[in-house]
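Provided below are the primary sequence and the corresponding predicted coordinates.
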Amino acid sequence: MWRVPLADVRLSPQDIRAVVDTYRSGWLSMGPRTEELENAFAGYVGAKHAFAVANGTAALHLACVACGLEPGDRVVAPSMTFVATVNAIAYTGAEPAFADIAGLTRPWLDRAAADSAIDAKTRAMMVMTYGGHPGKLPDLTALAKSRKLTLIEDAAHGLGTRVNGRHVGTFGTVGAFSLFSNKNLPVGEGGMMVTDDDDVAQRIRLLRSHGMTTLTWDRHRGHASGYDVVELGFNYRLDEPRAALALARLSRLDDDNAARRDIVARYREALAGVEGFSLLDPAAPDVVDASHLFAIVLDPDVDRDEFRRSLADEGVQTSVHYPPVHRFSIYHHLGASLPVTENYAARTVTLPLFPHMTRTQFGHVVKNLPLALRAARGR
């Protein structure tokens with residue numbers, strides 16, 4: 001359908017073999033492959049504990065519950081994110097306190113804005129690794145510590161992002177990752193959680209499987225003969241075929257991310273002299289970023305709908321990341337005023353980016369982008 005899709009997943013023979021072998025094993029619910037994935041993932045990000053869960057939203061929800069959020073609490077959060085970030089807070093009965101982004105070319109949570117959103121009821125802060133860029137994560141970590149807030153990281157875009165050698169998701173109490181089909185480690189549906197806190201880890205372990213003290217796999221191996229239910233938990237388990245696929249793909253994640261960064265560098269070089277838009281600020285020298293998205297910010301006189309339509313006519317798929325959450329009907333009553341977020345949301349466009357993007361596909365996007373800009377400006 002698209003000559004250049006926004007994102008694309010390519011499965012290797014190794015991936016397919018790992019999944020087929022799992023089906024042939026006869027054990028499909030959470031078991032040995034999930035354990036192997038969790039051990040490998042913990043090692044990859046440098047965390048003490050890692051947990052595989054059903055999806056990224058489940059990871060965020062469990063993070064909020066495991067950290068003790070409840071009705072009456074407030075949580076500082078960005079609006080420039082996918083709605084799951086904020087929904088996870090609301091699931092607990094806590095209320096999001098929206099804070100603005102750092103700038104039009106810096107669409108991540110601003111420290112000063114976050115600080116201003118804190119009040120006596122604020123219990124935690126949720127940060128989001130936008131497009132794989134860590135943004136002001138070290139500053140926000142310091143702010144959370146100074147204000148005695150729990151820091152929860154939505155690192156759905158950040159698998160592979162490191163700041164001075166430290167992986168995102170390990171700065172706060174809990175980090176949540178997504179394995180959705182358009183993410184850097186895609187398996188279809190799936191999520192991961194990491195923490196160094198033993199008490200939080202124990203709550204996650206219980207809550208993701210109905211609050212049961214033992215798992216089916218434990219009983220199958222003869223490690224337990226029964227179970228108790230000690231928490232009001234959820235069915236947030238990941239199944240074995242998807243765990244096997246994630247484990248197979250994890251071994252080449254760094255290579256895939258390096259390919260993404262190379263494409264981003266080529267975008268920046270090829271588009272440097274083109275007028276009509278701005279590029280987002282690049283990561284600092286001490287950052288290795290996951291390059292999950294490549295977003296641009298159109299000039300005010302560019303009609304975004306016409307720009308996207310012109311590219312679509314040439315087979316180039318684009319998207320918008322994101323409609324601001326505070327403007328959705330469900331959160332509009334909170335009355336948040338976020339002028340920079342709203343300005344960015346009205347002008348941003350995400351261009352195609354995936355590891356195996358060919359030179360021909362890349363050239364097609366770069367060739368047609370100036371033409372689409374001229375069409376969207378009426379000249």
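Great, that's in hand.

So L353: helix, strand or coil?
Classification of L353 by DSSP: H, G, I helix; E, B strand; the rest coil places it in coil.

Which pLDDT value goes with it?
pLDDT for L353: 98.

Check D218 too.
On the pLDDT scale, D218 is placed at 68.

The one 3 residues further on now?
pLDDT for R221: 68.

For the stretch 101-250 of the chain, just list every one of the helices.
Counting by DSSP state H, counting those that start in this stretch, the segments of the stretch 101-250 of the chain that form helices are 111-116, 137-146, 198-207, 216-220, 240-250.

Could you list the domains of the chain?
Listed by automatic domain parsing, the domain ranges of the chain are 13-250, 253-376.

What is the burial count for the closest residue to G276 other than its chain neighbours?
Excluding the flanking residues, the one nearest G276 by C-beta to C-beta, 6 or more residues apart in numbering is L373, at 4.0 Å. Just so you know, the C-beta spots here come from the backbone N, C-alpha and C atoms, and that holds for glycine as well. L373 has 22 neighbours, counted by other C-beta atoms under 10 Å.

what's the answer for the one 5 residues further on, then?
The local packing count at G378 equals 9, with neighbours defined by other C-beta under 10 Å.

show me what contacts it?
Shown in contact with G378 (C-beta atoms under 8 Å, 6 or more residues apart in numbering): D303.

what do you get for A156?
Residues near A156 by C-beta under 8 Å, 6+ apart: 56, 82, 84, 128-129, 176-178, 180, 183.

Most neighbours among those residues, which one is it?
The residue in those with the most neighbours, by other C-beta under 10 Å, is A176 (33 neighbours).

coming back round to it: tell me which of the contacts of A156 is nearest to R111?
M128 (14.0 Å; C-beta to C-beta).

quick one, phi psi at I89?
Dihedral pair for I89: phi -70, psi -50, per degrees, to the nearest 10.

hang on, isn't it packed against V75?
Yes: contact criterion C-beta atoms under 8 Å: I89 and V75 qualify, at 4.7 Å.

Pull up the overlap in contacts between these two.
Shared contacts of I89 and V75 (C-beta under 8 Å, 6+ apart): 64, 69, 95-96, 126.

just for the stretch 1-150 of the chain, where's the confidence low?
Under the criterion pLDDT under 70, no range of the stretch 1-150 of the chain is flagged.

go on, the stretch 251-379 of the chain?
For the stretch 251-379 of the chain, the stretches with pLDDT under 70 are 379.

So the closest residue to R268 other than its chain neighbours versus V302, what's the distance?
Once flanking residues are discounted, R268 sits nearest to L279: 6.2 Å by C-beta to C-beta, 6+ apart. Distance of L279 to V302, computed by C-beta to C-beta, to the nearest Å: 14 Å.

Kindly report the same for Q361.
23 Å.

Next: G172.
From G172 to V302 the distance is 37 Å (C-beta to C-beta).

And for S178?
As judged by C-beta to C-beta, S178 and V302 stand 31 Å apart.

returning to that earlier point: with respect to R237, which of the contacts of A156 is nearest?
Nearest to R237 out of these is G56 (C-beta to C-beta; 14.5 Å).

Spit out the contact partners of the closest one.
Residues in contact with G56 (C-beta under 8 Å, 6+ apart) are 84, 156, 176-180, 183, 190-191.

So which of those residues is the closest to Y331?
Among the contacts of G56, and counting by C-beta to C-beta, the member closest to Y331 is A84, at 12.9 Å.

Dump the host helix or strand of that closest one to PDB, restricted to CA.
Secondary structure from DSSP states H and E places A84 in helix 83-91. Taking Å, rounded to 0.1, in the frame of the first residue of the first chain, the C-alpha atoms of helix 83-91 are listed here in PDB:
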ATOM      1  CA  VAL A  83      -2.800   8.400  26.100                       C
ATOM      2  CA  ALA A  84      -1.700   5.200  27.800                       C
ATOM      3  CA  THR A  85       0.900   7.100  29.800                       C
ATOM      4  CA  VAL A  86      -1.900   9.100  31.500                       C
ATOM      5  CA  ASN A  87      -4.500   6.400  31.600                       C
ATOM      6  CA  ALA A  88      -2.200   4.300  33.700                       C
ATOM      7  CA  ILE A  89      -2.300   7.000  36.400                       C
ATOM      8  CA  ALA A  90      -6.000   7.400  36.200                       C
ATOM      9  CA  TYR A  91      -6.600   3.600  36.500                       C
END
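
Cool, thanks, talk later.
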